[in-house]
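Asker: got a predicted model here, sequence first, then my questions.
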Amino acid sequence: MVLLCLFSEGTSKVSLTDLLQFITGAHRIPPLGFTSQITIDFYTMQSARHYPTVSTCDMRLWLPRGVNNVEDLQELMEEAVVCAHGFGKC
């Protein structure tokens with residue numbers, strides 16, 4: 001999956017732990033695992049720049065459709081994850 005490659009190659013501002021916390025609200029995998037799987041859905045962007053969003057209740061990641069290249073997606077993901085610490089907003 002391209003998304004995990006963005007964060008596992010060491011070229012990102014955020015770690016896989018940060019990504020896990022962004023999507024699930026948990027900073028580590030529970031000893032018995034999660035009760036459901038992480039799902040990824042897509043939405044159509046309404047403007048030139050939309051960030052990925054999440055629903056931590058059902059562990060759903062929403063990615064914007066129409067991002068032109070991998071570098072742009074990585075930048076959007078990094079900004080979304082960094083700005084979401086503590087459920088804050090950018």
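Answerer: Cool, the structure landed. Residues are numbered from 1 along each chain as shown.
Asker: which stretches in the chain count as strands?
Answerer: Remark: strands assigned in the chain by DSSP state E are 39-44, 53-55, 60-65.
Asker: which residues does the first one contact?
Answerer: Outside strand 39-44, the residues that touch it by Cβ atoms under 8 Å, 6 or more residues apart in numbering are 3, 50, 58-66. Using the backbone N, CA and C atoms, a C-beta is placed for each residue, glycine as well.
Asker: now swap in the shortest one and tell me
Answerer: Strand 53-55 is contacted by residues 22-23, 60-62, 80, 84 when judged by Cβ under 8 Å, 6+ apart.
Asker: just the buried ones out of the contacts of strand 39-44, please.
Answerer: With burial judged by 16 or more other Cβ atoms under 10 Å, the buried subset of the contacts of strand 39-44 is 3, 50, 59, 61-64.
Asker: redo those residues as TSV? Include distance to Gln37 and pLDDT.
Answerer: Listed next are the buried ones among the contacts of strand 39-44 as TSV, based on distance: Cβ to Cβ, whole Å; pLDDT from 0 to 100:
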residue	distance to Gln37	pLDDT
Leu3	14	62
His50	24	85
Met59	7	90
Leu61	11	93
Trp62	16	93
Leu63	16	91
Pro64	22	90
